[in-house]
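Engineer: A predicted structure for the sequence below; I have some questions about it.
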Amino acid sequence: MKGLQKKTACGLLCMGVCAAILGGCGEKNGPGKEAGQTDMGISSLSTEQEAASDEAYNAAAAKLLFWYEDPSYRDFFEDAARRFYDRTNIKVVTECRDTLDYIGDIYDKTMQDDAFPDGYLIAGDNLEEAYLYGLVSVNEKGLSDTGAARPAIAASSYEGKILGYPLAFRTSLFVYQNGYFQTPPDSVQAIIDYARENEPGENVEYLLEWDVNDAFFDFPFISNSVTFDKTESEVMEVRYDEEMYQKDLDFFEEILGAFSVDAGTVSTESILDNFLAGRTLCALLDTDSLKRLEGYDYSVIQIPRLNEELAARPCAITDLLVVNEFSENKEDAAQFASFVTVEMAGGLYEKTGHYSVIMHETPDAVEKTAFDAYESAVPVPDSQDAKDFWVSLEETILQYFEGK
């Protein structure tokens, strides 16, 4: 369950600890911006002005501490903190935390000393845990005027209250090589039929690849037979349509008979390498992987049906900024969270490879497809009970590679 665990409180392993007192970083202009303007609309500074600004920034005392886990956000948060200081004269120190129990560490720090974060980044499925720890303040600003996608607002809410400031989303998509299909495949069955009726190019070794060891990518194959029913706080019931679930698993077994999938060696990196080399015809990839495909001639669509009877939907995770309820600077922390998620949204993908929950005014075709997939995906529930489901799904799928 790597794709899910890397976004949970106890499962993400960062590449390293990074505590940065931040300097300015350049950023490409967003849609509709004139040359020389940043996302904040500030004209470029002269060398002398930059030097003076750097000196003032370095001499300023830090007022806010912000934590995050995923090192891919490092440049983005450094840039955001510096821009926020230029706007407000409030200095934010950001730290990337390498820990097995991220939320637990935030709680311990908050209870034990004053070196705890005023705000931090979490995955939406950890919002309930953080809230029940007492570590989340209500988002007093609201999200109605931000342009955030509907799933992002839902992921930021708990018990009827908006808590988070949604930043980025992750879901899965279907990519395929151009030049093989006359029309986009409308089902996984169509790929099986294509293989039976056509001889792919000499270089093609795999008809369809996905990381079968990751429940995030396995979920679409059983998505039409399971629902998450949150009846009350801290209670999540996973409901199965047993007949449909068995049909899903039977079709999954048929897929493995048609496609060559090596559970022992497959990974997102190997799939990307194979796809870029033309060795893989089709693949399920997450939206975070699409930046690797920039400049390559391929097509991307939402995940198609399994066959005429069986539908398929991906799941989605939303990354949120939240303000620590115990912070003495909650108003400033909320201002920073809002600034990062709304005013810096235009530069998020360029710096991180993560798509913002606020779509560009003029999105390209790939971003539009990714955004549509996010809006139709199944949100990963924010409940401890649901985590057992993902472990069970991964174990069930792996049985098919172990002789079942």
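Structural biologist: Structure received.
Engineer: OK, contacts around the residue nearest the centre of the chain?
Structural biologist: Against the mean C-alpha coordinate of the chain, by Cα atoms, centre = their mean, the closest residue is Arg170 at 2.9 Å. Arg170 sits next to Gly3, Lys7, Asp286, Thr287, Asp288, Ala316, Ile317, Thr318, Asp319, His354 when contact means Cβ atoms under 8 Å, 6 or more residues apart in numbering. C-beta coordinates here come from the backbone N, C-alpha and C atoms, glycine included.
Engineer: tally of neighbours for the fifth one?
Structural biologist: In this case it means Asp288. 21 (other Cβ atoms under 10 Å).
Engineer: any idea how far it is from Arg170?
Structural biologist: From Asp288 across to Arg170, the span is 6 Å (Cβ to Cβ, to the nearest Å).
Engineer: What residues are bridge-paired with the residue nearest to the centre of the chain?
Structural biologist: Arg170 has the following beta-bridge partners by DSSP bridges: Ile317.
Engineer: can I assume Val366 is in contact with Leu290?
Structural biologist: Yes. In this structure, Val366 is within contact of Leu290 by Cβ atoms under 8 Å, at 6.0 Å.
Engineer: next structured bit after the lowest-mean-pLDDT helix or strand in the chain?
Structural biologist: Sorted by mean pLDDT, DSSP states H and E, the helices and strands of the chain end with strand 18-20, the least confident at a mean of 35. On the C-terminal side of strand 18-20, the nearest following helix or strand under DSSP states H and E is helix 47-59.
Engineer: Could I get the buried residue list for that following helix?
Structural biologist: Ser53, Tyr57 (16 or more other Cβ atoms under 10 Å).
Engineer: helices or strands up against the following helix or strand past that helix?
Structural biologist: Per DSSP H and E, the first helix or strand lying C-terminal to helix 47-59 is strand 62-68. The elements that strand 62-68 packs onto, with contact taken as 3 or more Cβ pairs under 8 Å, 6 or more residues apart in numbering; DSSP states H and E, are helix 74-88, strand 91-96, strand 119-123, helix 330-338.
Engineer: Return the most buried member of these.
Structural biologist: strand 119-123 (a mean of 26; mean count of other Cβ atoms under 10 Å).
Engineer: average pLDDT across that strand?
Structural biologist: In this model, strand 119-123 carries a mean pLDDT of 97.
Engineer: partner strands of it, parallel or antiparallel?
Structural biologist: strand 62-68 (parallel), strand 315-323 (antiparallel).
Engineer: Pull the residues that contact the shortest one.
Structural biologist: Meaning strand 62-68. 21, 77, 81, 90-97, 102, 106, 115-121, 329, 332-333, 336.
Engineer: now the residue nearest to the centre of the chain: how far from Tyr131?
Structural biologist: From Arg170 to Tyr131 the distance is 21 Å (Cβ to Cβ).
Engineer: gap between stretch 383-391 and the chain center?
Structural biologist: Computed by Cα atoms, centre = their mean, to the nearest Å, the chain-centroid distance of stretch 383-391 equals 18 Å.
Engineer: What are the buried residues along that stretch?
Structural biologist: Ser383, Gln384, Ala386, Lys387, Phe389, Trp390.
Engineer: just the helices in the stretch 201-350 of the chain please.
Structural biologist: In the stretch 201-350 of the chain, the helices defined using DSSP state H, counting those that start in this stretch lie at 215-218, 242-258, 268-276, 330-338, 348-352.
Engineer: ok, and which of those helices has the densest surroundings?
Structural biologist: helix 215-218 (a mean of 26).
Engineer: What is that helix packed up against?
Structural biologist: Using 3+ Cβ pairs under 8 Å, 6+ apart: helix 215-218 touches helix 2-5, strand 280-286, helix 384-399.
Engineer: does Thr369 really touch Val300, like I thought?
Structural biologist: Yes. Under the criterion of Cβ under 8 Å, Thr369 is in contact with Val300, at a separation of 5.3 Å.
Engineer: List the buried residues of stretch 173-190.
Structural biologist: Leu173, Phe174, Val175, Tyr176, Gln177, Tyr180, Phe181, Pro185, Ser187, Val188, Gln189, Ala190.
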